[in-house]
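[1] need coordinates for the following:
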Amino acid sequence: MASLKISSFISSVAVSSAVLFIIVLLQNCKVVHSFNVATHESGLRFFLSSVARPNEINKIPSLPEDEPPTFFGYNILFHRARFGGGVNLITGSPKRMNPANPRSQHLGPERYNSSKTQGSMNACVIPRSVFVREDSHRMCQELHPENTEPGDGVGLSFAINRQGHTVTCPYPRPKDCDTSRYNPGFCFLGSRGGKRWSGIQQNVNFDCPVNGLDIVFVLDGSQSIGGENFEKVKEWVLQVIERFNIDTGANRVGVIQYSHFYEGWGLDDQPFIKTEIALGEVRKFEQLRQHLTEVSLQNYTTYTAHALNKTVMDFEDSGRLFDPSTKQVLILLTDGISTDKEYLPYSAKYVRSFGIQTYAVGVADAVQSELRTIATGNVMSNERVYQVGDFSDLADIVERLQGDIIENALEGFHSRSDSNKLSMAQSGFSSTYGKRMVIYQFLTYICDWICVKMFDHQIISRYVLC
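    The predicted model follows:
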């Protein structure tokens with residue numbers, strides 16, 4: 001008897017839960033009459049790109065053979081007007097060549113270029129009947145912002161909220177700046193479900209960011225280098241600096257040569273840890289070339305740790321060490337063992353504590369563990385470490401070194417200031433208004449089975465909108 005009462009209680013709870021679920025569902029969901037984008041032996045039905053044209057044989061709209069695809073239907077969402085009105089299927093055509101000419105992908109004498117597409121969005125009215133078999137084919141209305149440019153790819157990502165506020169975020173518009181490739185992301189803003197556009201979001205800067213770069217070369221001037229090889233080192237310095245365009249004034253360069261250290265003398269008084277070119281002293285590349293020709297090899301020992309300490313002083317004297325819009329880079333080149341190697345970990349850490357990014361270039365017999373200590377402090381990592389077998393091979397690392405500096409110092413390096421850490425970010429690539437509308441597909445299988453049996457269609461999609 002007790003078990004019967006328990007079973008009855010459980011059954012009543014289950015029924016009550018099911019009824020409650022249905023009530024909640026009806027309160028929060030609006031059923032959009034199901035539709036299908038169906039394939040049939042006679043072609044595609046219901047929603048068609050504006051590029052589609054009637055076939056000469058059976059009059060069924062289709063994409064002409066000579067027309068490149070627009071990627072119509074790449075991305076979809078539903079939009080129902082807040083106050084009355086029907087429900088639209090909003091879809092993207094990110095490969096639309098020119099939305100002002102929706103009937104063709106070709107622009108007069110110009111041919112289609114997939115990397116230069118402006119893109120577009122489309123609004124397609126959803127039929128109100130579930131099982132409507134229409135012989136007519138619905139064309140979709142073009143929705144595209146003004147002021148789009150080739151390469152934007154509008155329709156790749158977009159969102160519309162219940163009030164009709166619309167946002168679509170195209171591809172970033174890349175620019176080649178002096179020291180980097182800038183990718184300013186942005187979004188177009190609109191209303192009425194994309195039928196009216198107000199322009200590009202505010203506070204978008206399409207100009208190259210003003211980021212200064214201070215580079216100091218710290219060159220080993222010990223006897224083991226040799227005069228002939230030192231000339232190769234100076235030529236290598238010029239090759240690196242030429243890639244960073246110091247003529248604009250945003251980027252500056254300095255050169256320190258080091259060898260011996262005299263105990264009891266201050267760093268400013270050391271004759272063999274010498275600032276050959278003060279940071280920012282030379283503002284033109286040809287002047288830098290002339291100054292370097294006058295620098296001769298010191299021919300002494302290798303006090304690398306003390307040279308690193310001297311470098312911090314030069315950065316401080318430059319006046320931009322604590323400027324958040326300027327990044328500091330130190331490039332040290334050596335070919336052997338440091339005379340003061342016991343101080344090297346402390347000096348290298350001291351340099352990095354100022355947010356100065358260090359690169360270590362070793363030639364011939366340079367000690368790898370010392371190079372790693374200078375670059376990052378991690379003796380197990382080769383990050384920002386370069387090694388070549390001979391001075392003649394220095395030219396082989398110029399391009400890699402430039403790329404490393406741009407990637408780390410200008411785009412992703414975490415210094416003492418975070419004010420510029422997102423200046424190179426590709427913001428605006430994706431868009432959303434949050435989870436106000438959820439698509440439920442729990443009726444899909446039943447509806448699909450009925451539609452297939454009744455109309456012999458292959459169902460692609462069907463939704464209930466909540």
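[2] can you show me the strands along the stretch 201-350 of the chain?
    Under the criterion DSSP state E, counting those that start in this stretch, the stretch 201-350 of the chain contains strands at 212-220, 251-258, 273-277, 326-334.
[3] hey, which helix or strand in the protein has the poorest pLDDT?
    Lowest by mean pLDDT, DSSP states H and E among the helices and strands of the chain is strand 464-465, with a mean of 32.
[4] to Lys341, which of the strands of the stretch 201-350 of the chain lies closest?
    Each of the strands of the stretch 201-350 of the chain has some distance to Lys341 by CB to CB; the shortest is strand 326-334, at 11.2 Å. The C-beta positions use only the backbone N, C-alpha and C, and glycine is treated the same way.
[5] just the CA trace of the closest one, in CSV.
    C-alpha atoms of strand 326-334 as CSV (Å, rounded to 0.1, in the frame of the first residue of the first chain):
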residue,chain,number,x,y,z
THR,A,326,57.9,54.3,-26.2
LYS,A,327,59.3,50.8,-26.0
GLN,A,328,63.0,50.1,-25.1
VAL,A,329,65.0,47.4,-26.8
LEU,A,330,68.6,46.4,-26.0
ILE,A,331,70.6,44.2,-28.5
LEU,A,332,73.8,42.8,-27.1
LEU,A,333,76.4,41.1,-29.3
THR,A,334,79.3,39.1,-28.0
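[6] avg pLDDT for it?
    Strand 326-334 shows a mean pLDDT of 94.
[7] direction included, what does that strand pair against?
    Paired neighbours of strand 326-334 in the sheet (DSSP bridges): strand 212-220 (parallel), strand 357-363 (parallel).
[8] average pLDDT across the longest one?
    Think strand 212-220. Throughout strand 212-220, pLDDT has a mean value of 94.
[9] ok, now the shortest one?
    For strand 357-363, the mean pLDDT works out to 96.
[10] residues making contact with it?
    229, 327-335, 348, 351-352, 368, 370-372, 374-376, 384-391, 394, 397, 401, 404-405, 408-409, 413, 415 (CB atoms under 8 Å, 6 or more residues apart in numbering).
[11] roughly how far does the nearest residue to Thr304 once chain neighbours are set aside sit from Val233?
    Sequence neighbours aside, Ser338 is the residue nearest to Thr304 in space, at 3.9 Å (criterion: CB to CB, 6 or more residues apart in numbering). Distance from Ser338 to Val233, counting by CB to CB, to the nearest Å: 17 Å.
[12] then Gly336?
    Separation of Gly336 from Val233 (CB to CB) stands at 14 Å.
[13] for the two, indicate the residue with more neighbours.
    Neighbours per residue (other CB atoms under 10 Å) separate Gly336 from Val233, with Val233 holding more: 23 against 20.
[14] quick one: contacts for the more buried one?
    219, 225, 333, 391, 394.
[15] ok, for the last one, nearest residue in space, not its chain neighbours?
    Taking CB to CB, 6+ apart as the measure, Leu394 lies nearest to Trp236, with 4.1 Å between them; neighbours along the chain are not counted.
[16] hmm, that neighbour is touching Leu401, no?
    No: Trp236 is beyond contact range of Leu401, at 9.7 Å (criterion: CB atoms under 8 Å).
[17] who has more neighbours, the two?
    Each of Trp236 and Leu401 has its neighbours counted (other CB under 10 Å); Trp236 has more, 24 against 20.
[18] residues in contact with stretch 342-351?
    By CB under 8 Å, 6+ apart, stretch 342-351 touches 304-306, 308-309, 311-312, 330, 338, 358, 370, 373-374, 377.
[19] of these, buried ones?
    Buried subset of the contacts of stretch 342-351 (neighbour count, 16 or more other CB atoms under 10 Å): 304-306, 308-309, 311-312, 330, 338, 358, 370, 373-374.
[20] what's the farthest-apart pair in these?
    Val312 and Glu370 (18.5 Å).
[21] ok, back up a step: what's the spacing between the residue nearest to Leu394 and Arg384?
    Look at Trp236 and Arg384: by CB to CB, they are 17 Å apart.
[22] do Lys175 as well
    As judged by CB to CB, Lys175 and Arg384 stand 27 Å apart.
[23] out of those two, which sits in the busier spot?
    In terms of neighbours (other CB under 10 Å), Arg384 is the more surrounded of Lys175 and Arg384; the figures are 22 against 14.
[24] and that one, what pLDDT?
    95.
[25] wait, isn't it in contact with Ile405?
    No: in this structure Arg384 lies outside contact range of Ile405 using CB under 8 Å: 9.2 Å.
[26] circling back: dump the strands paired with strand 326-334 to a markdown table, plus distance to Val154.
    As requested, these are exported to a markdown table (distance: least, CB to CB, whole Å):
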| stretch | distance to Val154 |
| --- | --- |
| strand 212-220 | 35 |
| strand 357-363 | 38 |
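[27] where in the stretch 351-466 of the chain is pLDDT low?
    409-466 (pLDDT under 70).
[28] helices of that one, start to end?
    Using DSSP state H, counting those that start in this stretch, the helices of the stretch 351-466 of the chain run over residues 368-375, 398-405, 444-455.
[29] with the stretch 101-250 of the chain instead?
    Counting by DSSP H, counting those that start in this stretch, the helices of the stretch 101-250 of the chain are 227-242.
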